[in-house]
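Asker: Show me how the following folds:
(one chain, ligands or ions: 1)
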Amino acid sequence: MRPIEIVKGIYDVGVNDWNISDFHGYSTPYGTSYNAFLIIDEKIALIDTVKSEFADDLLYNIAKVVDPKKIDLVVSNHTEMDHSGGLARIMHRIGEEKPLYCSKMGKKNLARHFRQNMNYQAVESGQEVNLGKRTLTFIETRMLHWPDSMFTYLKEDRLLFSSDGFGQHYAGYEKFDDQIGDAIMPHAKKYFANILLPYSPLILKLVDKVTDMGLAIDMICPDHGVIWRKDPSKIINAYVRWSGQEPRKKALVIYDTMWHSTEMMANAIAAGISAKGVDVRPMYLRKWHRSDIMTEVLDAKAIVVGSPTLNNGLFPTLADILTYMKGLKPKGKIGAAFGSYGWSGEAVKLLENELTSMNIDIIEPGLRVQYVPGSDALDACSEFGHKIGKAVAG
Ligand code: FEO
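Answerer: Numbers count the residues shown, from 1 in each chain. Sure, this is the predicted structure:
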């Protein structure tokens, strides 16, 4: 299926990774793609590479367009190994003396990944490289999402090579947004929620910077998933909206259970929240993957968490999701904790500590039930849900 000529003389020579299902802890049931771009001009440029095990596929795709040895320069927009893993193999094949353009942090970080000498050319925002009829302009995007990250802009074709930005973990035969339509948006949202959320303030600044620079953008070419050509502003506007973290009237009841008692509480609490007109979903941690939960967290107002007490502590799946969620730094949430216990009952307090450490505003004291909840306890859960529902509904 590749190379794909995305505009005259510019090709996606990357690969689809159909079978990856876990991308460092993020579930990828649709696989992903590692996009890499070949620009044929008086000088021939390659923008980014692929994961190391696909380096030969990349070379094969390039060779269908041009002898890889004719590549004059390589750009590394980002050091993470899904885009740089193939770099050593590619540089060896095309000639290690060829210039490798990257940010200053990219030079440092690439040198810590690859021990061989490479002809690093560190660039700053605004710096240009002339290819003949076309010009590459580099835009540093530090901490979006690594210190080395940058975009490369091609002004003559009005293309933005955006590295991880605006990507989606999606492998498909569709290569452009207009070929898949709105079905791509949940993948883009999941990608944002699980990778870019902690950097939301920087994304808002970057969008302002790109607007101030007056860059005309006909196409956004990310390193994962489809290219945005029909309406690039659609994904830019979605990023602005997601970065703002404006919640909907929505609550999540995230829980695990040992003998169904915490589950009974979760269902009664969720029903109580729903009774106040709030969109709510119980999320059982052995059914829902942490990365799908984070996608739901993105626009939820209330995060309600439930855990049985196990060996004086939290149930391990709760520790997992809370650790993951804390790292992604969601903002502007309210929350509450609940759980069943047998004799000591520490879990609810521990959940509250975790919520507090994420600056989630606890709006109701934690609710505990010893062993199996009876009808009075379930009524209390329902009332607990009503209070949370009222707070969400405003
Ligand atoms: Fe797709 Fe940060 O790598």
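
Asker: Could you use CA atoms for every contact and neighbour count after this?
Answerer: OK.

Asker: Check which element follows the helix or strand of the chain with the lowest mean pLDDT along the chain.
Answerer: Least confident helix or strand, the chain: helix 200-213 with a mean of 90, by mean pLDDT, DSSP states H and E. Note on helix 200-213: by DSSP states H and E, the next helix or strand toward the C-terminus is strand 219-221.

Asker: Can you show me the CA trace of the next helix or strand after that following strand as PDB?
Answerer: With elements assigned by DSSP H and E, the helix or strand that comes after strand 219-221 is helix 232-244. Extracted C-alpha coordinates of helix 232-244, given in PDB (Å, rounded to 0.1, in the frame of the first residue of the first chain):
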ATOM      1  CA  PRO A 232      -7.000  20.500   9.200                       C
ATOM      2  CA  SER A 233      -8.800  23.100  11.300                       C
ATOM      3  CA  LYS A 234     -11.100  20.400  12.600                       C
ATOM      4  CA  ILE A 235      -8.300  18.600  14.500                       C
ATOM      5  CA  ILE A 236      -6.700  21.900  15.600                       C
ATOM      6  CA  ASN A 237     -10.100  23.000  17.000                       C
ATOM      7  CA  ALA A 238     -10.500  19.600  18.700                       C
ATOM      8  CA  TYR A 239      -7.100  20.000  20.300                       C
ATOM      9  CA  VAL A 240      -8.000  23.500  21.600                       C
ATOM     10  CA  ARG A 241     -11.300  22.100  23.000                       C
ATOM     11  CA  TRP A 242      -9.600  19.100  24.600                       C
ATOM     12  CA  SER A 243      -6.800  21.200  26.000                       C
ATOM     13  CA  GLY A 244      -9.300  23.500  27.700                       C
END
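
Asker: Just the angle for helix 232-244 relative to helix 200-213, thanks.
Answerer: 140 degrees (axes from the mean of the first three to the mean of the last three Cα atoms, to 10 degrees).

Asker: Can you point out the buried residues in helix 232-244?
Answerer: Residues of helix 232-244 classed as buried: 232, 235, 236, 238, 239, 240, 242, 243, 244 (neighbour count, 16 or more other Cα atoms under 10 Å).

Asker: Please apply the same query to stretch 178-193.
Answerer: Buried, per 16+ other Cα under 10 Å, within stretch 178-193: 184, 185, 187, 188, 189, 190, 191, 192, 193.

Asker: In helices, which of these fall?
Answerer: Those of the buried residues of stretch 178-193 mapping onto helices are 185, 187, 188, 189, 190, 191, per DSSP state H.

Asker: From those residues, pick the one nearest the ligand.
Answerer: residue 191 (10.1 Å; Cα to the nearest ligand atom).

Asker: With adjacent residues omitted, what lies nearest to the closest one?
Answerer: Spatial nearest neighbour of residue 191, excluding adjacent residues (Cα to Cα, 6 or more residues apart in numbering): residue 168 at 5.6 Å.

Asker: and the longest helix belonging to the chain, what does it pack onto?
Answerer: Criterion DSSP H: the longest helix present in the chain is helix 375-393. On a contact count with 3 or more Cα pairs under 8 Å, 6 or more residues apart in numbering; DSSP states H and E, helix 375-393 meets strand 250-255, helix 261-274, strand 367-370.

Asker: Show residues contacting that helix.
Answerer: If you take Cα atoms under 8 Å, 6 or more residues apart in numbering as the criterion, helix 375-393 is touched by 249-251, 264-266, 268-278, 301-302, 363-364, 367, 369.

Asker: How far does stretch 291-310 sit from its chain's centre?
Answerer: Relative to the chain's own centre, stretch 291-310 is displaced by 17 Å; criterion: Cα atoms, centre = their mean, to the nearest Å.

Asker: okay, how far is it across it, tip to tip?
Answerer: Using Cα to Cα, to the nearest Å, the end-to-end distance of stretch 291-310 comes to 24 Å.

Asker: now stretch 363-375
Answerer: Start-to-end, stretch 363-375 (Cα to Cα) is 24 Å.

Asker: Kindly report the same for stretch 284-292.
Answerer: 12 Å.

Asker: picking up where we left off before, what residues sit buried inside the least confident helix or strand of the chain?
Answerer: By neighbour count with 16+ other Cα under 10 Å, helix 200-213 contains the buried residues 200, 202, 203, 204, 206.
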